[in-house]
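In: Got a sequence here, can you build the structure:
(one chain, ligands or ions: 2)
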Amino acid sequence: MSQDKPKAYVNTIGCQMNVYDSQILAGLLQNAGYEQTHDPDLADLVLCNTCAIRHKAQEKAYSFLGRFAGTRIKGKRPLTIMAGCVAQKEKEKAFARLPHLDLVLGTQAFGRFETHVKALIAGETRIVDTAPSENIFEGFPKDALAVKIQVSRFVTIMQGCENFCTYCVVPYVRGKERSRNPHAIVEEIEGLAGSGVREITLLGQNVNSYAGNNGQVSFADLLYLVSRVDGIDRIRFATSHPKDLSMDLIRAMKDIDKVCNHLHLPVQSGSSEILKRMNRKYDRDTYLKRISALRQACPDIALSTDIIVGFPGETISDFQQTMDLLETVEFDAVFAFAYSARSFTPAAKFSNQLDEQTKRDRLNTLLDFQEKITEKKNKAFVGKKVTVLVEGDSPKPRDGFVKKNKNTRQMFGRSGANKIVHFASDQAAGGDLVTLQIINAYPHSLWGEVCESD
Ligand code: SAM
Ligand code: SF4
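Out: Residues are numbered from 1 along each chain as shown. Ligands and ions are numbered 1, 2, ... in the order given. Below you'll find the predicted structure:
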């Protein structure tokens, strides 16, 4: 590491799309002459890529950036940047709570980021850029500094959302739906494959409504294009909207071996009445029918979902219908959230808001219930063989594993069904595909042994 270059610290809050965006911003900072530091106290520039989806995430961003108001290093305070969804939502208002903020960079202003950084270095301050942009800016630096996992990478294929679910702030902070050019996507993935990446996750707020080349290339078409990239063994995608789970897409998932045997399909509620008031554009029955069609085509597919509990007006009977749906579908994983009222959204103005305690109680009841289902689904893997893409050494090796195994390293990988599997091996390396016999299952992971023939 050079001693002379100024240092940048990039903090990411929120979803996978934010992780991808942070890689782009880190790459642009590299272009502007910065090198990355993992210690914010050593940084000459601190950037927080923010999330506005729930109140808590927004507060986390304010609290993190608030730490940099005073002098830090070399008698100076660092340049401080708020980027992403909270920046887009708050605009100039961000200065009221963070007077020391130097740049408020909206979700569609990344193409102008380098110019703004140069202006900051030249002494300008309090820049706000939350202007919209019709197109997704292409040609971002691909070898960004912030990348940790090289085996598996995210690629955003579309931005924005026009579904206007009544609880959700995304359409107001991410703008209209815009799909990237399919050739630019394939070119980016070819570049990643060339640098050793084996798994790609295609990202979008509503990934399966992708419509490239002015609607001529569907998401199913894109999956076929990406599957032809040499070196890429696995393709995942998130997040899919149930209304866009077409038969064409189900066929593509069945046909393309590289597409992993897992789908994240947020249902949000098991009550048709709540789904209507959420403006989700499907009812309980339609969701269940799509799941059946999917399971008919791909019988062993692993499923995960998102749930919001405590939406305004949610009755005990509505909540029971959600619990009943979890029991019917038996998802492999559920990401559940207590409803959080967000500015701009219609649901925030609904009169029948639930109190925080009721939301928390329902959330805990649901999570306890799902944990048993997840464990049961994981136990069903015991005795089976699964192939994992090795990601690296397990961050927290299991106690006593060295004694019980002749190998000294504990590695982990992810199965096609998106299960984390730990195993002992001195030979495996990140990027390998290894077949494991599953010998134990836990609520959040599996334990396997390398098959002899491997
Ligand atoms: N586009 C995706 C979809 O349609 O399901 C989801 C995107 S959103 C970033 C991720 C999840 O956050 C949603 O599926 C929903 O469960 C949750 N979420 C969104 N707004 C929320 C709110 N106001 N309160 C609680 N959870 C919320
Ligand atoms: Fe938000 Fe609904 Fe769009 Fe998902 S589909 S990002 S929940 S508005």
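
In: and the residue nearest to Gly14 when sequence neighbours are not counted, how many residues sit next to it?
Out: Once flanking residues are discounted, Gly14 sits nearest to Cys51: 2.8 Å by C-beta to C-beta, 6 or more residues apart in numbering. No exception for glycine: its C-beta is placed from N, CA and C like everyone else's. By other C-beta atoms under 10 Å, the residues close to Cys51 number 22.

In: Please name the residues that touch Cys51.
Out: Cys51 sits next to 13-15, 18, 57-58, 60-61, 84-86 when contact means C-beta atoms under 8 Å, 6 or more residues apart in numbering.

In: now it: how far from Arg153?
Out: Separation of Cys51 from Arg153 (C-beta to C-beta, to the nearest Å): 20 Å.

In: Please apply the same query to Val170.
Out: Distance from Val170 to Arg153, by C-beta to C-beta: 23 Å.

In: Ok, Gly204 next?
Out: 15 Å.

In: Flag the shaky bits of the stretch 301-450 of the chain, pLDDT-wise.
Out: Applying pLDDT under 70 to the stretch 301-450 of the chain picks out residues 397-407.

In: give me that answer again for 90
Out: 392-410, 424-427, 442-444 (pLDDT under 90).

In: got it, and the stretch 1-150 of the chain?
Out: 1-4, 23-24, 27, 31, 41, 69-77, 132-150.

In: now the strands for it?
Out: For the stretch 1-150 of the chain, applying DSSP state E, counting those that start in this stretch gives strands covering 7-12, 35-36, 45-50, 79-84, 103-105, 127-129.

In: which of those sits most buried?
Out: strand 45-50 (a mean of 27; mean count of other C-beta atoms under 10 Å).

In: His100: what's it in contact with?
Out: 68-69, 77, 80.

In: Check Ile308 too.
Out: Counted by C-beta under 8 Å, 6+ apart, Ile308 has contacts 167, 268-269, 278, 336-339.

In: That one looks like it's in a strand, true?
Out: Yes: remark: Ile308 belongs to a strand, assigned using DSSP: H, G, I helix; E, B strand; the rest coil.

In: Could you check how far it is from Lys243?
Out: 17 Å.

In: for Arg97, same thing?
Out: 38 Å.

In: ok, those two, which is more surrounded?
Out: Set Arg97 next to Lys243 and count neighbours by other C-beta under 10 Å: Lys243 wins out with 16 against 12.

In: My reading is that that one lies in a strand. Confirm?
Out: No: read with three-state DSSP, Lys243 is helix and lies in no strand.

In: Check whether it really touches Asp283, as I assumed.
Out: No: at 10.8 Å, Lys243 does not count as touching Asp283 under the criterion of C-beta atoms under 8 Å.

In: for ligand 1, what are the nearby residues on the stretch 151-300 of the chain?
Out: 167-168, 170, 205-206, 239, 241, 266, 268 (C-beta under 6 Å from any ligand atom).

In: before we move on, what about the stretch 301-450 of the chain?
Out: 306, 308, 337, 339-340, 342.

In: phi, psi of Ala252?
Out: phi -60, psi -40 (degrees, to the nearest 10).

In: Who are the contact partners of Glu190?
Out: Val229.

In: what about the helix or strand containing it, distance to the chain center?
Out: Taking DSSP states H and E as the definition, Glu190 sits inside helix 182-194. How far helix 182-194 lies from its chain's middle: 20 Å, per C-alpha atoms, centre = their mean, to the nearest Å.

In: cool, and stretch 60-72?
Out: Counting by C-alpha atoms, centre = their mean, stretch 60-72 comes out at 25 Å from the chain centroid.

In: Now it: buried residues?
Out: 60-62, 64-65, 68, 72 (16 or more other C-beta atoms under 10 Å).

In: do stretch 229-239 as well
Out: Those would be 229, 232-239, for stretch 229-239 by 16+ other C-beta under 10 Å.

In: Also stretch 181-197?
Out: Buried, per 16+ other C-beta under 10 Å, within stretch 181-197: 182, 185-186, 188-189, 192-193, 197.

In: now those as TSV including pLDDT and distance to Gly175?
Out: Output for the buried residues of stretch 181-197, formatted as TSV (pLDDT from 0 to 100; distance: C-beta to C-beta, whole Å):
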residue	pLDDT	distance to Gly175
Pro182	96	21
Ile185	95	19
Val186	96	24
Glu188	91	21
Ile189	94	24
Leu192	90	26
Ala193	92	30
Val197	92	28
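
In: farthest pair in the residues you listed?
Out: Using C-beta to C-beta, the two most remote members of the buried residues of stretch 181-197 are Pro182 and Val197, lying 18.5 Å apart.

In: Tell me which helix or strand Thr286 sits in.
Out: helix 284-297.

In: So which elements touch that helix?
Out: helix 247-255, helix 272-278, helix 316-329 (3 or more C-beta pairs under 8 Å, 6 or more residues apart in numbering; DSSP states H and E).

In: So what touches the last one?
Out: By that I understand helix 316-329. Taking C-beta under 8 Å, 6+ apart as the rule, helix 316-329 contacts 267, 269-271, 273-274, 284, 287-288, 291, 303, 305, 307, 309, 334, 362, 365-366, 369-370, 373.

In: Buried only: go through the residues you listed for me.
Out: Listed as buried from those are 267, 269-271, 273-274, 284, 287-288, 291, 303, 305, 307, 309, 334, 362, 366, 370, 373; burial here means 16+ other C-beta under 10 Å.

In: near ligand 2, which residues of the stretch 51-200 of the chain?
Out: 161, 163-165, 168, 170-171.

In: these two touch, right, His444 and Lys419?
Out: No: His444 is beyond contact range of Lys419, at 9.2 Å (criterion: C-beta under 8 Å).

In: tally of neighbours for the residue lying closest to Ala297 once chain neighbours are set aside?
Out: Distances taken as C-beta to C-beta, 6+ apart put Lys254 closest to Ala297, at 4.5 Å, once the chain neighbours are dropped. Here the count is done by other C-beta under 10 Å, and Lys254 has 15 residues near it.

In: Lys254 and ligand 2: what is the separation?
Out: 25 Å (C-beta to the nearest ligand atom, to the nearest Å).

In: Thr80 now?
Out: Distance from Thr80 to ligand 2, by C-beta to the nearest ligand atom: 28 Å.

In: Farthest pair within the contacts of His100?
Out: Largest pairwise distance in the contacts of His100, by C-beta to C-beta, is 8.2 Å, between Ala69 and Thr80.

In: Quickly list what's touching both of the two.
Out: 98, 100.

In: nearest spatial neighbour of whatever residue of the stretch 201-350 of the chain ends up closest to ligand 2, skipping sequence neighbours?
Out: Closest residue of the stretch 201-350 of the chain to ligand 2, C-beta to the nearest ligand atom: Gln205 (4.0 Å). In this structure, Gln205 finds its nearest non-sequential neighbour in Cys161, 4.1 Å apart by C-beta to C-beta, 6+ apart.

In: what about the one you found, which SS state?
Out: With three-state DSSP as the criterion, Cys161 reads coil.

In: burial of it, as a residue count?
Out: Neighbours of Cys161 (other C-beta under 10 Å): 22.
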